[in-house]
Structures are given as structure tokens and as C-alpha cells.
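J.: Fold the following for me, if possible:
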Amino acid sequence: MTTTFPDVTISTDRLVLRPFEEEDVTALAEMMNDENITAWTSVPHPYTHAHARAWATRDSHAERAEGRGIVFAVTEFLTQRLVGIVHLRNTDWRTRATEAGYVTAPWARGEGYASESVLAVAQWLFREQAFERLELRTAADNTASQQVAQKIGCISEGVLRNAWTVRTQTADGGWADTRTDLIVWSLLPEDLDEGDGLDGYDGYESYDTHETHDTHGGGRGAYPGHVVPGQRSDANGHPVGADRK
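T.: Below you'll find the predicted structure:
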């Protein structure tokens, strides 16, 4: 039984989802220092170039190589600018289920990039990888992330009470942790079939990158500090699922 995802690139009309590269380090560090990403995820703060380099050149690739999931750097097709991240993690190969996290750069919000990229990954996951379940988890007050889940056709399954911490800014400019609930969403292959072509989005293309990446590295690498907001993080403090519009 296959226990790792293939090394692929996924394309939509506007976006290219590909493995991270060292050239992404500067844009990644800038994106992950956004205050909304700091608030909704457990990404390290400040998020340094060292964090970004470890993620882009090692940790994100280890996710796929070690069978934990797969990480996509989401870029604009025309400009090649880094739009955000889609990260499949906590993958169960026996049940063919995984969890999606996502983050979007501040400059790219409000364009529908998060829903377009997550939907493209879901189509690839169900149609090409024969998965049976995609799960998202969003913080109770993270309405932007919840809108992404709703837009791609996810079904809300319930609430995990007091299951996550978000960060709020204090009067002195620092950050304080606050407990919050998590809303659990799911997407199944039949949901995707019913919702194909949402908002004019009608497909994806994928192809093997045939690139070699450094997959050395230990620990549970997730977002360079996810997803997207409303998310959880791994043991290294990387987030799992965040998008603010």
C-alpha cells in the first residue's frame, strides 16, 4: 500500500501549487509575520528567515517523504508570487483520510485564492489518490477560514470544546494565549462531485515535478509557523489551516 504522496505540482487557471524552494524563503518569512497569522496559528513569533529556510528547504519536504502528508506552496500563475500554503497533514493511509490547513498572504486575501487552492487539492486527493475524507478545523471566531470551508462544500460536523488556543494582542504590543473552540468540517468525494465548478472554478492539472528536495529533518513539520489560521499546530509550533480575508 502506498504510504507517501507523489511529488506533484497542481495547476488551476490562476494558481500553481508546487513544492517549496529556497527562493521562497524571503516571501515566506514576510507572510508568516502577518498579525492575523500570528493570531490564528501557533507559528513562531517573530517568524525568522531561519524558520522560513528550514521550512522551505527541509521540513515541508519531510512531510511528504516521511508519509505524514504533503505541503504545497501556492503561487500566482502570472507573477509567480507566493500566495499562501496548503498543507495536508495527520494523514491516515489505512482509512484514506487527511486534514487540510491553509494560510494566505495579506496582499492576496479577498481574491478567493484559499478556496481555489484547497478545492484543487481536494480534487486531486479524491480523484488521483483515492482518498475518502478531507477534514478541516477552524477556530470558532475565525469566520474567514470558515467561509473557505463552506465555499468548497464542506459539511460542519460539530465542535471540539476548548480545544485550541488563539493569540490576542495586548496593550503593550505583546501576545497572550486565549482558549477557544474548534469547528470540525469534512469533505467527502460525493460532496465534491455535487459541488464541482464552484464559482467558475472547473478543474486542475497535475504533473510530476521530478525534482529532488532535501528531505532530511526530524520532528513533525507542519506549517512554517498553517494551513491558516483557525488552526492547530504540530509539535514544532507550525500551524494547520489559516486564512484571513
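
J.: alpha carbons only for contacts and neighbour counts from here, please
T.: OK.

J.: got the residue ranges for the strands in this structure?
T.: With DSSP state E as the criterion, the chain has strands at 8-11, 15-18, 70-76, 82-92, 97-104, 133-139, 155-169, 175-187, 205-208, 232-233, 239-240.

J.: pLDDT on the fourth one, on average?
T.: By that I understand strand 82-92. Averaging pLDDT along strand 82-92 gives 98.

J.: next one: the fifth one
T.: For strand 97-104, the mean per-residue pLDDT is 97.

J.: Sheet partners, orientation included, of it?
T.: strand 82-92 (antiparallel), strand 133-139 (parallel) (DSSP bridges).

J.: can I get those strands in a markdown table with distance to Thr4 and mean neighbour count?
T.: Formatted as a markdown table, these follow (distance: least, Cα to Cα, whole Å; neighbours: other Cα atoms under 10 Å):
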| stretch | distance to Thr4 | mean neighbour count |
| --- | --- | --- |
| strand 82-92 | 9 | 25 |
| strand 133-139 | 16 | 26 |
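
J.: Flag the shaky bits of this protein, pLDDT-wise.
T.: 1-2, 194-245 (pLDDT under 70).

J.: Count the residues that sit near the residue lying closest to Val74 once chain neighbours are set aside.
T.: Nearest residue to Val74, sequence neighbours excluded (Cα to Cα, 6 or more residues apart in numbering): Leu17, at 4.5 Å. Leu17 has 27 neighbours, counted by other Cα atoms under 10 Å.

J.: tell me which residues form a beta bridge with Leu17?
T.: Applying DSSP bridges, one finds that Leu17 bridges with Ile10, Val74.

J.: wait, it sits on Phe77?
T.: No - counting by Cα atoms under 8 Å, Leu17 sits too far from Phe77 to count as a contact (9.2 Å).

J.: got a list of contacts for the top helix by length along the chain?
T.: Counting by DSSP state H, the longest helix found in the chain is helix 113-128. Under the contact criterion Cα atoms under 8 Å, 6 or more residues apart in numbering, helix 113-128 has outside partners 10-12, 15, 17, 74, 83-84, 86, 100, 102-104, 131-132, 134, 148-149, 151-152, 189, 192, 201, 203-204, 206, 243.
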